[in-house]
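**Student:** would you be able to build a 3D model of this:
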Amino acid sequence: LSDFLARLSEIPMESGRVPFGFAALAELSGLSAEEAEELARTWDEWPPGRVRALFERLAGLAEEHTDLEFEVVFKAGLVVADAEVRLVSVTSLAESADRTLAARFADLLEQDADPRVRAAAAASMATLCAIAAEGKLPARGGERMRVALLRALEDRSEGAEVQMRALETAALFGGAQVSS
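**Tutor:** Coordinates of the predicted model:
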């Protein structure tokens, strides 16, 4: 991480670029939570375009190279002010079985200002909802997601995309309340 940050500091901030190829960005694979926090403190100083570029490239690498793991970076991205970064982050975490994401996805669904992020949060809960439906997730996490999904479905002011994604994911729980 320190080598990556040192090389990045040599590039003018105003460029908004993350001018690194596969090898440099692959260094961010498997970071510890502490290292991800250090990276997050660094990107707080960057222009939004540079942060977006970093997350978009990491998401692309993670999709192309399943041996690379950027989960802790994407978790840190869930709280970035830029909606594009939150969207890439929540989408990139969709297949995660990390139980700590249940509450975070539910919070995004209920509270995020951007409807695209709310819809992605609802869709990204699917893996965890399937785990909960099998009884392999603590009841509190499954219930937190179920309640958030049902609230999104009942909210008349919520957009169609969010409601559609919430319905698709809530259906994993089954039950009369979802089907009505």
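**Student:** all contacts plus neighbour counts: C-alpha atoms, from now on.
**Tutor:** Fine.
**Student:** what residue ranges in this protein are flagged as low confidence?
**Tutor:** 11-20, 175-180 (pLDDT under 70).
**Student:** hmm, V85 and R52 touching each other?
**Tutor:** Yes - assessed by Cα atoms under 8 Å, R52 is found in contact with V85 at 5.6 Å.
**Student:** regarding the residue nearest the centre of the chain, what is its secondary structure?
**Tutor:** The centre of the chain sits closest to V90, judged by Cα atoms, centre = their mean, with a distance of 1.9 Å. The assignment at V90 comes out as helix when based on DSSP: H, G, I helix; E, B strand; the rest coil.
**Student:** cool, L54 as well?
**Tutor:** helix.
**Student:** what comes up buried for stretch 105-116?
**Tutor:** Within stretch 105-116, the residues that count as buried by 16 or more other Cα atoms under 10 Å are 105-110, 112, 115-116.
**Student:** stretch 147-156 too?
**Tutor:** By neighbour count on 16+ other Cα under 10 Å, the buried set for stretch 147-156 is 148-153.
**Student:** can you check stretch 78-86 too?
**Tutor:** Neighbour count says stretch 78-86 has 78-80, 83-86 buried, by 16+ other Cα under 10 Å.
**Student:** so what's F105 up against?
**Tutor:** By Cα atoms under 8 Å, 6 or more residues apart in numbering, the contact set of F105 is 90, 121-122, 124-125, 145.
**Student:** go again using 6 Å as the cut-off
**Tutor:** Residues near F105 by Cα atoms under 6 Å, 6 or more residues apart in numbering: A121.
**Student:** hmm, back to that, would you turn the buried residues of stretch 78-86 into JSON lines with secondary structure and distance to E161?
**Tutor:** JSON lines is the format used below for the buried residues of stretch 78-86 (DSSP: H, G, I helix; E, B strand; the rest coil; distance: Cα to Cα, whole Å):
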{"residue": "L78", "secondary structure": "coil", "distance to E161": "20"}
{"residue": "V79", "secondary structure": "coil", "distance to E161": "22"}
{"residue": "V80", "secondary structure": "coil", "distance to E161": "22"}
{"residue": "A83", "secondary structure": "helix", "distance to E161": "16"}
{"residue": "E84", "secondary structure": "helix", "distance to E161": "17"}
{"residue": "V85", "secondary structure": "helix", "distance to E161": "19"}
{"residue": "R86", "secondary structure": "helix", "distance to E161": "17"}
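**Student:** and the helices in the protein?
**Tutor:** 2-9, 22-26, 33-43, 48-64, 71-77, 83-92, 101-111, 115-124, 126-133, 139-154, 160-170, 176-179 (DSSP state H).
**Student:** most tightly surrounded among these?
**Tutor:** Greatest average neighbour count among the helices of the chain goes to helix 115-124 (a mean of 26), per mean count of other Cα atoms under 10 Å.
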